[in-house]
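In: coords please:
(one chain, ligands or ions: 1)
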Amino acid sequence: MTASTLNRLMLALFGSLVFVGLIMEYTAFVFAPQVAKVAGYALPTSAGATAPAAAPAAAKETPLPELLAKADAAKGQADAKICATCHSFEKGGAAKIGPDLWGVVGRPVASVAGFSYSDSLKAAGGDWTYDKLDHWIAAPKSMASGTKMAFAGEKDGQKRADILAYLQSLSDAPVPFPK
Ligand code: HEC
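Out: You can find the predicted model right below:
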């Protein structure tokens with residue numbers, strides 16, 4: 001192999017290396033990876049999102065004494081049909097899924113002997129006032145979060161007042177409504 005042949009070979013080799021190098025540079029330039037400056041995905045920001053509409057002013061609820069003043073025990077008895085699936089209403093009635101409700105107004109909370117109340121209701125304490133019963137019937141879980149009373153709640157205030165009027169009648173000495 002002569003020196004000039006070697007030279008040409010070296011030149012050819014060098015030339016191809018330069019060529020490959022140029023192609024690599026070019027592809028790197030064309031297909032440059034977009035390296036994120038911060039790790040993770042870009043999440044949509046709340047900027048520009050419309051602020052939640054101001055909550056409407058809480059609807060004015062009619063005070064309980066006013067609802068009780070026009071309450072109807074007969075309607076309440078009809079509305080209490082759903083309660084009767086779990087409660088008896090007779091004097092000395094047996095416990096069903098829930099305790100007997102005769103004379104419940106004014107009696108201490110969770111006080112029927114022999115009935116196995118939830119710890120949650122036992123912890124509530126106090127006596128069953130109309131106000132307390134109203135809250136209870138509206139949302140049992142909001143008064144005793146761990147209650148065993150599987151009843152979602154009666155949302156209609158007047159219906160609750162009617163039921164309270166019916167409960168009032170279940171007594172030898174009915175407790176008068178609060179003024
Ligand atoms: C699915 C069954 C069920 C239904 C329906 C139900 N209750 Fe109850 N109720 C219970 C159970 C169980 C308890 C005991 C709760 C506890 O220990 O946490 C209870 C407890 C009560 C208590 C407390 C009694 C006490 O001695 O302290 C009152 C008052 C009451 N219920 C009223 C009602 C009324 C009024 C209705 C209808 C609007 C109703 N319940 C519907 C199952 C029911």
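In: Any regions of this structure where pLDDT drops low?
Out: Applying pLDDT under 70 to the chain picks out residues 1, 29, 33-38, 40-59.
In: Mind doing that once more with 90?
Out: 1-61, 179 (pLDDT under 90).
In: what ranges do the helices span in it?
Out: Counting by DSSP state H, the chain forms helices over residues 3-30, 64-69, 73-79, 81-84, 119-124, 130-138, 140-143, 157-169, given from the N-terminal end onward.
In: As JSON lines, these with distance to the ligand and mean neighbour count would be great.
Out: Yep, even glycine has a C-beta here, placed from its N, CA and C like the rest. Output for the helices of the chain, formatted as JSON lines (distance: least, CB to the nearest ligand atom, whole Å; neighbours: other CB atoms under 10 Å):
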{"stretch": "helix 3-30", "distance to the ligand": "71", "mean neighbour count": "10"}
{"stretch": "helix 64-69", "distance to the ligand": "15", "mean neighbour count": "17"}
{"stretch": "helix 73-79", "distance to the ligand": "7", "mean neighbour count": "17"}
{"stretch": "helix 81-84", "distance to the ligand": "3", "mean neighbour count": "13"}
{"stretch": "helix 119-124", "distance to the ligand": "4", "mean neighbour count": "15"}
{"stretch": "helix 130-138", "distance to the ligand": "5", "mean neighbour count": "19"}
{"stretch": "helix 140-143", "distance to the ligand": "7", "mean neighbour count": "16"}
{"stretch": "helix 157-169", "distance to the ligand": "5", "mean neighbour count": "22"}
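In: Output those helices in JSON lines; the columns should cover distance to S111.
Out: Formatted as JSON lines, the entries for the helices of the chain read as follows, by distance: least, CB to CB, whole Å:
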{"stretch": "helix 3-30", "distance to S111": "83"}
{"stretch": "helix 64-69", "distance to S111": "23"}
{"stretch": "helix 73-79", "distance to S111": "23"}
{"stretch": "helix 81-84", "distance to S111": "18"}
{"stretch": "helix 119-124", "distance to S111": "9"}
{"stretch": "helix 130-138", "distance to S111": "13"}
{"stretch": "helix 140-143", "distance to S111": "16"}
{"stretch": "helix 157-169", "distance to S111": "15"}
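In: ok, and the closest non-adjacent residue to V104?
Out: Nearest residue to V104 in three dimensions, chain neighbours excluded: W128, at 5.4 Å (CB to CB, 6 or more residues apart in numbering).
In: Measure how buried Y117 is and give me the count.
Out: By other CB atoms under 10 Å, 19 other residues sit near Y117.
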